[in-house]
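*Asks:* curious how this folds, go ahead:
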Amino acid sequence: MNRSLLPPACVLALLCGAAQAQPLSTAFTYQGELRSEGAPVGGAWDLKFRLYDAAVGGVGVGQVGPTLCVDNTAVADGRFTVALDFLQQFQGQRRYLEIEVRQDTGLDCASASGFTLLNPRQELTAAPNAVFALNAAAATQAASATNATNAVNATNAANATNAAQLGGQTAAFYQSAANLTTGVLPSARLGGSYTSVVQMENAGNTFAGAGGGLFDLNASNISAGTLSAARLPIPLVLTGTTSGPSGSVFTVSTTSPDVAASAINGTATALAGQVFGVIGQSASTTGVGVVGYATSSSGQSLGVWGLSDSPIGRGVSGYGGGYGGYFESSGAAGTGVRGSASAFTGTTFGVLGRSQSSGGFGVYGEATSSGQFDGGIGGYFISSSGSGTGVVGVVNASGNGFPVGGSFRINGTAGVAVDASASNTSGNAYAVRAINTSVNGTAVAGFANLQGTGVSYGGRFESASTAGFAGYFRGRGNDAVYIENTAAGRGMQIVSPSDTAVWARSTTGLAGVHGESSNANGFGVLGVNLSTTGNAFGVVGETLSGAGWGVYAYGRSGASGVKTFRIDHPADPENKYLLHYSTEGPEVLNAYSGTTMLDDRGAADVELPAYFARINKDPRYTLTPVGAPMPMLHVGAEINAADLDQGAKAAPGESVPTCRFRIAGGAPGAKVCWRVEAVRNDRWVQQHGVPVEVEKDSAERGTYQEPELYGLPRQTRGLQRASQPGAALQPDAALQTPR
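*Replies:* So this is what the prediction gives:
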């Protein structure tokens, strides 16, 4: 029967139940008669059954039990027989059966397409509900059966006290306190050790014993005992009053003859933080915060000796409105200030001077002697530490000015303002190293020829080493090097006459080279090879990963010439290439192909990939018989258009129908090759489309991609400037090293 002749509703004419047999389950036999336009139908049909508690209602409203589907049901003279099992749904209530039918086209029950709902629902007779009454005779007298252990179906056994009072649990269940949710646990049941935290909130709780395990105690509540030094607060503050010039609030003295004895030992042992071993203060206008006096007239005695173990601590720190520290030596060979960093490792400083005044000097050194090469030295700094610093200049001032940590100037027409030299012939030494810790600062800034004329250099770097680098940059931010040209020229010009001009590598990053352009007609990356002969390439992409892409485009990709794949010629891989070319067309097509064996009716169902409906539309079919002609070979059933429409609208993760088509009219058991081509219909195509003829934009009108093909001279719009090298760097005399 042609499926299109099926009316909106069919008439279900016959219903009967099967005779009972032992053992009896909840399944029953259903027989019906199916007619179309008054005439009984035949063949294979798909039937779907639902059970409801009402004669009418929306889909799923009032449904009880599962939905049952019987695939490929044989119908003869309109009659069919099926076995249905809705499980425990018949307990005396009224039940109504709803049926959907579909002439079999090869689709299984997983596809909901093509079913027709039959109306009205059919009320079931009492026969199926007899399953509920199998134990009714034994249950009617179980009302007082307190020990009716076998009354499994005794729904009215109200006096079954063993189950009602104990909840159906064994005696062992009630011997574990973990199973008790209410009630009071007597104190006699408490004891043993507790692995979890037990909180006692009653203020009347008392504790016996030494209390060695107690913590979070308040020392003010302790009336007796010895207070450990570890319990003293930090800082410890002692207050009091004194009178007289020699009085003191707190006096400590020692008469120990030990060479390392101390009357007071103040030690800051923290390895980090700004801590102080001893702090002394005086509020007198002529007083002294700390006085250290060594009365010995000989030896290396120290009036004051400060020590801090913290790497950023201070052995001695002085602050004053006049002098932060004032030191003077009257000896002919003495030293007013001597700073020594004796450590052989770490970042140490022999002397560190700072000034926060806008016109001040962190360290000021002056030598009045004159001479050409043997004159005095304004400042001379030496550090013997393996990682020390000879000179450190720091400016702490901030504001709208431009403070300078170190300023060097040459007033002559020739000379060097700063002469930095790493004199060793080996090792990883730096002639100049600049560090800037500001989040927006610059470690090195070079400015040249502020008049804007001539060929000058903001920075000039050269290396005479064949394995060295003229410039070496390492960054941790988004870009290791940032180059900008505020005029109309290029951001960077790199020339290498005999090797790669730019070589970039990223080991774990996103890209070896990243090019961007905001110009509407610009190029993110432009590759040009000016050679007119040979096997030249404008852009080459390569990947060693079998799952990667040598060249990949997000969005459209295009070419004015042919699109080619090239491999080593399998017959002569050392001397030849094999070229194949892509097929072009005004549509974007996806192709699927395969072979199938026909069944004994000369037919076969071909199932396409699960994602077919999501990315395709407008399928076209090609069938090729293998072995012998098959004049009647044809597509018996096409891919369902509704399935394709549902797939195109489906969200990720949402199920879509499996697409298939049927081959018919062939020879039984024969082999057929098939091919399906469909128009690509994924989300990218739906969003952007695939135009065929487009107008050139205003910037491209009047130009040609390949003008020489039209008898015109070549004009490389957008390429001309990149193909012409600019002015080469002008080498000058080698930098003169003074002295």
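*Asks:* part of a strand, is residue 29?
*Replies:* Yes: under DSSP: H, G, I helix; E, B strand; the rest coil, residue 29 sits within a strand.
*Asks:* tell me what it is bridged to.
*Replies:* Under DSSP bridges, the beta-bridge partners of residue 29 are residue 83.
*Asks:* isn't it up against residue 80?
*Replies:* No: using C-beta atoms under 8 Å, residue 29 makes no contact with residue 80, being 11.1 Å away. Quick note: C-beta positions are derived from backbone N, CA and C, even for glycine.
*Asks:* so the two - more neighbours on which side?
*Replies:* The neighbour comparison of residue 29 against residue 80 (other C-beta atoms under 10 Å) goes to residue 80, with 21 against 13.
*Asks:* now the helices: where do they sit in this structure?
*Replies:* Shown for the chain, the helices assigned by DSSP state H span residues 136-139, 161-166, 612-615, 641-649, 683-688, 720-723.
*Asks:* comparing these, which gets the lowest mean pLDDT score?
*Replies:* Lowest mean pLDDT within the helices of the chain: helix 720-723, a mean of 34.
*Asks:* shared neighbours of residue 29 and residue 80, anything?
*Replies:* The overlap between the contact sets of residue 29 and residue 80 (C-beta atoms under 8 Å, 6 or more residues apart in numbering) is empty.
*Asks:* in the stretch 451-600 of the chain, where is pLDDT below threshold?
*Replies:* Residue ranges of the stretch 451-600 of the chain with pLDDT under 70: 451-452.
*Asks:* burial count for residue 33?
*Replies:* Residue 33 has 17 nearby residues by other C-beta under 10 Å.
*Asks:* ok, it to residue 703 distance?
*Replies:* 77 Å (C-beta to C-beta, to the nearest Å).
*Asks:* please apply the same query to residue 279.
*Replies:* Counting by C-beta to C-beta, the gap from residue 279 to residue 703 is 80 Å.
*Asks:* so for those two, which residue has more residues nearby?
*Replies:* residue 703 (13 against 10).
*Asks:* now tell me which helix or strand of this structure has the poorest mean pLDDT.
*Replies:* helix 720-723 (a mean of 34; mean pLDDT, DSSP states H and E).
*Asks:* surely residue 306 is in contact with residue 316?
*Replies:* Yes: between residue 306 and residue 316 a contact is recorded at 3.7 Å, counting by C-beta under 8 Å.
*Asks:* now do the contacts for residue 644.
*Replies:* Residue 644 neighbours (C-beta under 8 Å, 6+ apart): 613, 616, 617, 619, 659, 681.
*Asks:* how about the third one: which residues does it bridge to?
*Replies:* Going back to what we said before, that points to residue 617. Here residue 617, judged by DSSP bridges, has bridge partners residue 679.
*Asks:* what about it, neighbour count?
*Replies:* Neighbours around residue 617, by other C-beta under 10 Å: 17.
*Asks:* I'd say it and residue 678 touch.
*Replies:* Yes: under the criterion of C-beta under 8 Å, residue 617 makes contact with residue 678 at 6.4 Å.
*Asks:* quick check: domain ranges of this structure?
*Replies:* Domain assignment of the chain by automatic domain parsing yields the ranges 3-136, 589-688.
*Asks:* can you list the ones you listed in CSV and add distance to residue 539?
*Replies:* Listed next are the domains of the chain as CSV, based on distance: least, C-beta to C-beta, whole Å:
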stretch, distance to residue 539
domain 3-136, 48
domain 589-688, 23
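*Asks:* residues near residue 305, how many?
*Replies:* Residue 305 has 11 nearby residues by other C-beta under 10 Å.
*Asks:* that one and residue 287: what is the separation?
*Replies:* 21 Å.
*Asks:* grab the nearest non-local neighbour of residue 390.
*Replies:* Leaving aside its chain neighbours, residue 390 sits nearest to residue 381 (4.3 Å; criterion: C-beta to C-beta, 6 or more residues apart in numbering).
*Asks:* residues contacting the one you found?
*Replies:* For residue 381, the contact set (C-beta under 8 Å, 6+ apart) comprises 350, 351, 390, 391.
*Asks:* just checking, which of those residues belong to strands?
*Replies:* Per DSSP state E, strands hold no members of the contacts of residue 381.
*Asks:* drop anything exposed from these.
*Replies:* residue 350 (16 or more other C-beta atoms under 10 Å).
*Asks:* now the contacts of residue 381 as CSV including pLDDT and distance to residue 417?
*Replies:* Shown next, in CSV, are the contacts of residue 381 (pLDDT from 0 to 100; distance: C-beta to C-beta, whole Å):
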residue, pLDDT, distance to residue 417
350, 75, 24
351, 76, 23
390, 73, 18
391, 75, 15
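*Asks:* distance to residue 671 added to the contacts of residue 381, as a markdown table?
*Replies:* Listed next are these as a markdown table, based on distance: C-beta to C-beta, whole Å:
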| residue | distance to residue 671 |
| --- | --- |
| 350 | 93 |
| 351 | 95 |
| 390 | 89 |
| 391 | 90 |
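*Asks:* and the contacts of residue 381, which is closest to residue 691?
*Replies:* Using C-beta to C-beta, residue 391 comes nearest to residue 691 of these, at 67.9 Å.
*Asks:* output the longest strand anywhere in the chain as PDB, nothing but the C-alphas.
*Replies:* In terms of residue count, the longest strand belonging to the chain (DSSP E) is strand 63-75. Output of strand 63-75 as PDB, limited to C-alpha atoms (Å, rounded to 0.1, in the frame of the first residue of the first chain):
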ATOM      1  CA  GLN A  63       0.200   8.100  31.000                       C
ATOM      2  CA  VAL A  64       1.100   5.100  33.200                       C
ATOM      3  CA  GLY A  65       3.800   2.600  32.400                       C
ATOM      4  CA  PRO A  66       6.300   2.600  29.600                       C
ATOM      5  CA  THR A  67       5.700   3.400  25.900                       C
ATOM      6  CA  LEU A  68       5.800   0.100  23.900                       C
ATOM      7  CA  CYS A  69       6.800  -0.100  20.200                       C
ATOM      8  CA  VAL A  70       6.600  -3.200  18.000                       C
ATOM      9  CA  ASP A  71       8.600  -3.000  14.800                       C
ATOM     10  CA  ASN A  72       7.700  -4.700  11.500                       C
ATOM     11  CA  THR A  73       4.400  -6.200  12.800                       C
ATOM     12  CA  ALA A  74       2.900  -8.600  10.200                       C
ATOM     13  CA  VAL A  75      -0.700  -7.500   9.200                       C
END
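*Asks:* list the neighbouring strands of that strand plus their orientation.
*Replies:* strand 43-52 (antiparallel).
*Asks:* need the contact partners of the strand it pairs with.
*Replies:* 1, 30, 34, 62-65, 67-75, 80, 82, 84, 86, 89, 95-104, 107, 109, 115, 121.
*Asks:* mind redoing it with 7 Å?
*Replies:* 1, 34, 62-65, 67-75, 82, 84, 86, 89, 95-104, 109, 115, 121 (C-beta atoms under 7 Å, 6 or more residues apart in numbering).
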